[in-house]
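A.B. asks: Please work out how this folds:
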Amino acid sequence: MTSADRRLAWIGGVVLVAALLLLPFLVKNYRVFQFNLVIIYAIAVLGLNILTGFNGQISLGHGAFYAIGAYAAAVMMDRMGLPYWATLPVAGLLCFGLGFLMGFPALRLGGHYLALATFALALAVPQLLKYKHIEGLTGGVQGIVLVKPEPPFTFRLFGQAFNSDRWLYFFSLAVAALMFLLAWNLLRGRVGRALVAIRDHPIAATAMGINLPIFKSLAFGVSAGFTGVAGGLGAIAVAFVSPDSFTVFLSLTFLIGVVIGGLASIPGALFGALFIQFVPNIADEMSKAAPGAIFGIFLIAFMYLMPLGVMGIVRRIWARWRPGATRPLGQR
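C.D. replies: Residues are numbered from 1 along each chain as shown. Take a look at the predicted model:
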């Protein structure tokens, strides 16, 4: 990276941070809530991308880990009286352990067989949450109603009050920044190179001394842990959990976010989250009778115009127009 590239990256980073900090005071409460969900979904999409984009394992069951993280946070807050911020590490560790264990049977499966196995997990978890013998813990079909945490202090900016939704937006933003930093450090190091090597050439990776069972299970565990943290944040932000909130479509939605943002791309998780949060709303506004059809058209159009995802287009534009890039004489 040249000095000009670094300068532009710093300028872009400062502008992005300033925009994210001012955004909740420029929109109404409902939009703040939606952007909060975008941040939460970005963490979940990033977790799935670690597994699918960087390690090549397809999962259609990450909605189950999102549900487990959400219920873990809700139970600890409602039944045990733990503060909301203390529930997130527990939710992440719980899902990491379950994902790591799920990774071992997944070693014997691959491709569409693994996809079907994880799909079965997404089908089973919502039904298990309704099981009558654990209704006292999970609330059964009624779920658990939570109370949104109050902000530590109050003030007004641009005529907007610093309320619970805005406080949770900043809290989620801080958690997301930490999770993205962890993913960046993990994937840039030895573990990340091992995961990519397993994805591209598993036999060659084994010959180089990479322990496939450990690294593939680790990828599953880390991916599930990220999704569990997102689920815990989602429970806090929505202040309600119920089994019917975590259908199979949620797992498919996370996979859509990974593909739209771009496989094996950390920043792409944010673009994927924006898509899965706002495009269904746009489709519903365009057609109340058939919003699913409109959403499908949007999805097909995105895949046709951007087969490598949003980050694929961004990389292509950056490579062509960045300072110092060589272009044909007719385009200079």
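
A.B. asks: in the stretch 201-332 of the chain, which spans are helices?
C.D. replies: With helices called from DSSP state H, counting those that start in this stretch, the stretch 201-332 of the chain shows them at 202-207, 212-238, 248-261, 268-286, 291-305, 309-321.

A.B. asks: what's around residue 177, how many residues?
C.D. replies: For residue 177, the tally of surrounding residues (other C-beta atoms under 10 Å) stands at 13. Placement of C-beta: from N, CA and C, glycine included.

A.B. asks: Could you look up the SS state of it?
C.D. replies: Three-state assignment for residue 177 (DSSP: H, G, I helix; E, B strand; the rest coil): helix.

A.B. asks: measure it to residue 85 for me?
C.D. replies: Using C-beta to C-beta, to the nearest Å, one obtains 15 Å as the distance from residue 177 to residue 85.

A.B. asks: centroid residue for this protein?
C.D. replies: The residue lying closest to the centre of the chain (C-alpha atoms, centre = their mean) is residue 44, at 2.0 Å.

A.B. asks: That one contacts residue 66, doesn't it?
C.D. replies: Yes: counting by C-beta atoms under 8 Å, residue 44 touches residue 66, with 5.8 Å between them.

A.B. asks: overlap in contacts of those two?
C.D. replies: Both residue 44 and residue 66 are contacted by 227, 230, 231, 254, under the criterion C-beta atoms under 8 Å, 6 or more residues apart in numbering.

A.B. asks: Residue 107: which of the helices of the stretch 201-332 of the chain is closest?
C.D. replies: Checking the helices of the stretch 201-332 of the chain against residue 107 by C-beta to C-beta gives helix 212-238 as the closest, at 5.5 Å.

A.B. asks: buried set for the closest one?
C.D. replies: 215-238 (16 or more other C-beta atoms under 10 Å).

A.B. asks: same thing with stretch 309-320?
C.D. replies: For stretch 309-320, the neighbour count (16+ other C-beta under 10 Å) marks 309, 310, 311, 312, 314 as buried.

A.B. asks: next one: stretch 303-310
C.D. replies: Using 16+ other C-beta under 10 Å as the test for burial, stretch 303-310 gives 306, 309, 310.

A.B. asks: Next: stretch 75-95.
C.D. replies: Neighbour counts using 16+ other C-beta under 10 Å place 75, 76, 77, 78, 84, 87, 88, 90, 91, 92, 94, 95 of stretch 75-95 among the buried residues.

A.B. asks: Same check on stretch 144-161?
C.D. replies: Neighbour-count burial for stretch 144-161 flags 144, 146, 149, 151, 160 (criterion: 16+ other C-beta under 10 Å).

A.B. asks: Is it correct that the second one is in contact with residue 235?
C.D. replies: Read that as residue 146. Yes: between residue 146 and residue 235 a contact is recorded at 6.7 Å, counting by C-beta under 8 Å.

A.B. asks: Show me the common contact partners of these two, please.
C.D. replies: Common neighbours of residue 146 and residue 235 (C-beta under 8 Å, 6+ apart) are 74, 77, 241.

A.B. asks: CA-only coordinates of the helix or strand encompassing the first one, as CSV, when you get a sec.
C.D. replies: In this assignment (DSSP states H and E), residue 74 forms part of helix 62-78. What follows is helix 62-78, C-alpha atoms only, in CSV (Å, rounded to 0.1, in the frame of the first residue of the first chain):
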residue,chain,number,x,y,z
HIS,A,62,-26.6,-20.0,11.8
GLY,A,63,-30.0,-18.7,12.7
ALA,A,64,-30.0,-21.4,15.4
PHE,A,65,-26.8,-20.0,16.9
TYR,A,66,-28.4,-16.5,16.7
ALA,A,67,-31.4,-17.9,18.6
ILE,A,68,-29.2,-19.6,21.2
GLY,A,69,-27.3,-16.4,21.8
ALA,A,70,-30.5,-14.3,22.0
TYR,A,71,-32.1,-16.7,24.5
ALA,A,72,-28.9,-17.0,26.6
ALA,A,73,-28.9,-13.2,27.0
ALA,A,74,-32.6,-13.0,27.6
VAL,A,75,-32.6,-15.7,30.3
MET,A,76,-29.6,-14.2,32.1
MET,A,77,-31.2,-10.8,32.1
ASP,A,78,-34.8,-11.8,33.0
